[in-house]
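# Predicted model follows, preceded by the sequence.
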Amino acid sequence: MRCFQCHGPYHPSTGNWYARFEVAFCGACYRPFVKWLAGHLKRKWSGHSFYEEAAISCSAVRP
């Protein structure tokens, strides 16, 4: 099995398999994505965390 992004070898102990889309990512491609995502979710959005802002925006949309 090959990595979806770089076409390198995939191994389940270092990479990640997305069953929903049936794609695999090797560890070298997946680690930077996880680091970026963790930093992105910690970011403050107008003074709130991502999850607080999402809850506020979802509750404002409901009738």
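Sure thing, it's come through. No experiment lies behind these values; they were computed from the predicted model shown.
# Endpoints of stretch 20-27, how far apart?
19 Å (CA to CA, to the nearest Å).
# quick one, longest helix in this protein?
Criterion DSSP state H: the longest helix present in the chain is helix 27-42.
# Excluding its own residues, what touches that one? List them.
3, 5-6, 8, 11, 14-16, 25, 49-51 (CB atoms under 8 Å, 6 or more residues apart in numbering). Using the backbone N, CA and C atoms, a C-beta is placed for each residue, glycine as well.
# Just give me the neighbour total for the residue nearest to C3 when sequence neighbours are not counted.
Nearest residue to C3 in three dimensions, chain neighbours excluded: C26, at 3.9 Å (CB to CB, 6 or more residues apart in numbering). By the criterion of other CB atoms under 10 Å, C26 has 21 neighbours.
# do Y30 as well
By the criterion of other CB under 10 Å, Y30 has 17 neighbours.
# and the gap between E53 and K35?
According to CB to CB, to the nearest Å, E53 and K35 sit 22 Å apart.
# Produce a PyMOL select command limited to the buried residues of the contacts of helix 27-42.
Filtering the contacts of helix 27-42 down to the buried ones (16 or more other CB atoms under 10 Å) takes a single PyMOL command:
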select buried, resi 3+15+16+25
